[in-house]
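1. Could you look at this predicted model? Sequence included:
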Amino acid sequence: MRVLLSGNEAIAYGAHAAGVAVATGYPGTPSTEILENLAKYKDVDASWAPNEKVALEVAIGSSIAGARSLVAMKHVGLNVAADPLFTVAYTGVNAGLVIVSADDPGMHSSQNEQDNRYYAKAAKVPMLEPSDSQEAASLVEDAFIISETFDIPVLLRTTTRVNHSKSLVEVDLEQTKREPGYKKNAEKYVMIPANARVRRRLLEDRLKALEEFSEGFSGNKIEWGSREVGFITSGISYQYVKELFPEASILKLAMTYPLPRMLITGYVNQIEKVIVVEELEPYLEEQIKSWGLSVSGKESIPSIGELNPDIIADALIPREEAIENSKQSALPGRPPMLCAGCPHRGVFYELRRLKMVVTGDIGCYTLGVLPPLGSMDTCICMGASIGNAMGVQKATGTKDIVAVIGDSTFVHSGITPLIDIVYNGGITTVIILDNRTTAMTGRQDHPGTGRTLKGIDSHMLDFEKLVKAIGINSVRTVDPYDLKAVRKAIKEETAKDEPSVIIFRRACLLVEKPKGQPYTVNEKCDGCKVCLRLGCPAISWVNGRAEIDISQCAGCEICAKLCKRDAITVIK
Amino acid sequence: MSSDVKNILIVGVGGQGIILAADIMSQVLVGAEYDVKMAEIHGMSQRGGSVNTMVRFGSRVYSPVIEKRKADFILAFEQLEALRWADYLKPGGVLIMNTEKIKPLPVLIGNDDYPEDIEGMLRQKGIEVIKIDANKLAEEAGSKKAANVVLLGCLATYLPIKKEGWYTFIERRVPPKTIEANKKAFDIGYGILTEVASV
């Protein structure tokens, strides 16, 4: 039977069919649904880890102990997990270990668009790249077999278009079963230099064997067509090339590290002009050119952003008339916004009013940077807000600086920089915007919610106790809907000569709907626009006055509290 | 070039039920033995941003992404988004537009104006617009939230699948309590366009 599955659903399906027993990761678009779908299988131990490094370390442990293991993350997550990645290539595995890296070309939902194919080369681990859901499902199974055959973790690299597009998948696979079993083998798994030097050499032997495997791997295949122009491509780019050039020869690579040098050389030598079509960096092109082969690609195909058939056609097909792209630029944009009633909104409003320097972090609340709130100065990566604040304070000595970080992000990588602040005598105030969920990726649980990916109650991390144990003496918890208390807390804590933590706690309104009644604007409104500075989707500017869309208003009352003319009142 | 592939672009604003509508449509097309691909982008767009979903079907579909000027149909859940994506419509293609207007942030805060007479601007581009007040029709069907299914019903008029073929997948995908309202919403959308088509 064939069913329509997203790439992420297909990866989960394929992994289950391959008998994956342990699956872990940290939510991150576009990878999140892999774990959410694996969690639906009773026989898979699926869980959210606090961050990607921990996730990979857990998966390495379970692999060594004989359970097929999968770890899934977005591209930047692999930066966090890079430390164990480079060494597990040396130790190898016992049961298969598959690491899914979901890249985000075009930065639909990311702070950068790094090309994680280079991780395979740098860490010396084999890499597979699916081009649709069917291939995603079957390559996960191949990945487990390759991992076990060659005693090495396998990187499954996807991109947003593969993760989030749906296409048909055969779902009649029989499930492979594997009994876990642990055998101590310190020479293989304890990477003290003496052992690591041995494993380092063996890694090269394994890579040589993998290159031979890559030559004959069924996923690396030539679809012969015209011999005048031919393409070399992988991943989603294959689908675009197929769409645009149905008559051309195509060498489609599903295994892109190590590359099948003989296969590629033979192909290039039989075709007059070979074009490499790949998203982001010239990863394939540079490697192929380094062998002295003549191919082209990136001189016309952009290396910035996501590709699509239009961009490839513009680069490769001479067109009589260029399709104008700029015509619609005058339309008002539609950026994402904090929801109406979002508990974070008032905090950003007050931070702006108090003219604080705000080092920010990754989550919905990054939207606090957009006008009219405009209250964020930096956003680099998960957990960076706290270290950034420490640095700003070191450089300037100012007290008017706060770090702003979400609850899930704080658990991910905010704890160690907070330790640094205490240890090295910082006096910065750290604000934890605790909305009881990982909101931006679609509301996943984390250690602070006290519930697991499988929906089981667990220990709820106590933020107040945690930060006190770190050595923060000034800790207070405030309801962010109470604007006066928000202002007071920020003013008082930043004035202190010691480090402090303010926890603004209120559940994301998509998790727990506030009970408030909607508000409306009465005739007292004189058009002062103060309420518009909140950037609330429910409030708009109509004919010189504010207007509230009651179907959107969540009743948070923040705008009414700001209005000096009592022009915003609750609907009874 | 594989010429039997049809392209449907669905555009609107996060929270309007676009992905659900595209999901139902894709399932119906799979049920009718087509090869189907559906591309969507989520993440930031859930927070009231611009959302687009692409559905392609035919005997063999490669790219999940539709090229500019290749969409056979655009189903726009919101007027400004209809205008934003209009260049994707092929000459002679069909654009069905919900009359709802949702102000984006720059308009809400008074920094920009919502374009007036979007319908006229579309006609100037040579596009015949089919306008539907899906929100009102959905309320008549018994559920405000079924505007997406009203619009789906409109589009279904043009697709090579019998009306009854849609019910199974609507039943499967909408909350149990709203099945009847959604089926009615679908009928209303379907009926309206049959009338338009016969005029």
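-> Received it, and whenever you're ready, just let me know what you need. Residues are numbered from 1 along each chain as shown, chains lettered A, B, ... in the order given.
2. Name the helix or strand of chain B that has the lowest mean pLDDT.
-> For chain B, counting by mean pLDDT, DSSP states H and E, helix B:179-198 ranks last in confidence among helices and strands (a mean of 84).
3. List the buried residues for whichever helix or strand A:Gly61 is part of?
-> A:Gly61 is part of helix A:52-64, with elements assigned from DSSP states H and E. Across helix A:52-64, burial judged by 16 or more other Cβ atoms under 10 Å in any protein chain shown covers A:52-60, A:62-64. Backbone N, C-alpha and C define where each C-beta goes, glycine included.
4. so, if you compare these, which one comes nearest to chain B?
-> Of all the buried residues of helix A:52-64, chain B sits closest to A:Glu52, with 17.5 Å by Cβ to the nearest Cβ.
5. Surely the closest one and A:Gly77 touch.
-> Yes - with contact defined as Cβ atoms under 8 Å, A:Glu52 and A:Gly77 form a contacting pair (3.7 Å).
6. Now for the two: what residues contact both?
-> Common neighbours of A:Glu52 and A:Gly77 (criterion: Cβ atoms under 8 Å, 6 or more residues apart in numbering or on different chains): A:25-26, A:28.
7. Just to be sure, which of those are found in helices?
-> Among the shared contacts of A:Glu52 and A:Gly77, no member falls in helices (DSSP state H).
8. possible to save these as TSV with distance to A:Asp526 and pLDDT?
-> Converted to TSV, those look like this (distance: Cβ to Cβ, whole Å; pLDDT from 0 to 100):
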residue	distance to A:Asp526	pLDDT
A:Gly25	52	98
A:Tyr26	49	98
A:Gly28	46	97
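9. can you pull out the strands in chain B?
-> Using DSSP state E, the strands found in chain B span residues B:6-13, B:35-40, B:50-58, B:71-76, B:89-98, B:129-132.
10. nearest spatial neighbour of A:Glu187, skipping sequence neighbours?
-> Leaving out its chain neighbours, the residue that sits closest to A:Glu187 by Cβ to Cβ, 6 or more residues apart in numbering or on different chains is A:Asn195, at 5.3 Å.
11. Would you check that A:Ser294 makes contact with A:Thr265?
-> No - look at A:Ser294 against A:Thr265 with Cβ under 8 Å: they stay out of range, at 11.3 Å.
12. Same drill for those two, tell me which one is more crowded.
-> Neighbour tally, A:Ser294 and A:Thr265, criterion other Cβ atoms under 10 Å in any protein chain shown: the higher count belongs to A:Thr265, 14 against 10.
13. tell me the contacts of that one?
-> So A:Thr265 contacts A:291, A:293 (Cβ under 8 Å, 6+ apart).
14. make it 6 Å
-> If you count contacts by Cβ atoms under 6 Å, 6 or more residues apart in numbering or on different chains, A:Thr265 has none.
15. and the closest residue to chain B within the stretch 101-250 of chain A, which of the three is it?
-> Of all residues in the stretch 101-250 of chain A, A:Ser109 sits closest to chain B, at 2.9 Å by Cβ to the nearest Cβ. Under DSSP: H, G, I helix; E, B strand; the rest coil, A:Ser109 falls in the coil class.
16. Report how many residues lie close to it.
-> If you count neighbours by other Cβ under 10 Å, A:Ser109 ends up with 20.
17. Please report how far it lies from A:Thr449.
-> 22 Å (Cβ to Cβ, to the nearest Å).
18. Likewise for A:Pro417?
-> A:Pro417 is 22 Å from A:Thr449, by Cβ to Cβ.
19. name the helices or strands packed onto the worst-scoring helix or strand of chain A on mean pLDDT?
-> Within chain A, confidence by mean pLDDT, DSSP H and E is lowest for strand A:539-542 among all helices and strands, at a mean of 94. Packing partners of strand A:539-542 (3 or more Cβ pairs under 6 Å, 6 or more residues apart in numbering or on different chains; DSSP states H and E): strand A:545-548.
20. Please name every helix or strand in contact with the strand it packs on.
-> Applying 3+ Cβ pairs under 6 Å, 6+ apart, one finds that strand A:545-548 contacts strand A:519-521, strand A:539-542.
21. got CSV for those strands, with mean neighbour count too?
-> Below are these laid out as CSV (neighbours: other Cβ atoms under 10 Å in any protein chain shown):
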stretch, mean neighbour count
strand A:519-521, 20
strand A:539-542, 19
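22. Relative to A:Leu373, which of those is closest?
-> Closest of the helices and strands packed on strand A:545-548 to A:Leu373 is strand A:539-542, at 13.0 Å (criterion: Cβ to Cβ).
23. sec struct for the residue lying closest to A:Gly92 once chain neighbours are set aside, please.
-> Leaving aside its sequence neighbours, A:Gly92 sits nearest to A:Asp151 (Cβ to Cβ, 6+ apart; 3.7 Å). Here A:Asp151 is coil, with the state taken from three-state DSSP.
24. Got the phi and psi for A:Asp151?
-> Backbone torsions of A:Asp151, given as degrees, to the nearest 10, read phi 50, psi 60.
25. That one reaches A:Tyr90, doesn't it?
-> No - with contact defined as Cβ atoms under 6 Å, A:Asp151 does not reach A:Tyr90; the gap is 10.5 Å.
26. out of these two, which sits in the more crowded spot?
-> When A:Asp151 and A:Tyr90 are compared for neighbours, A:Tyr90 comes out ahead with 22 against 16, by other Cβ under 10 Å.
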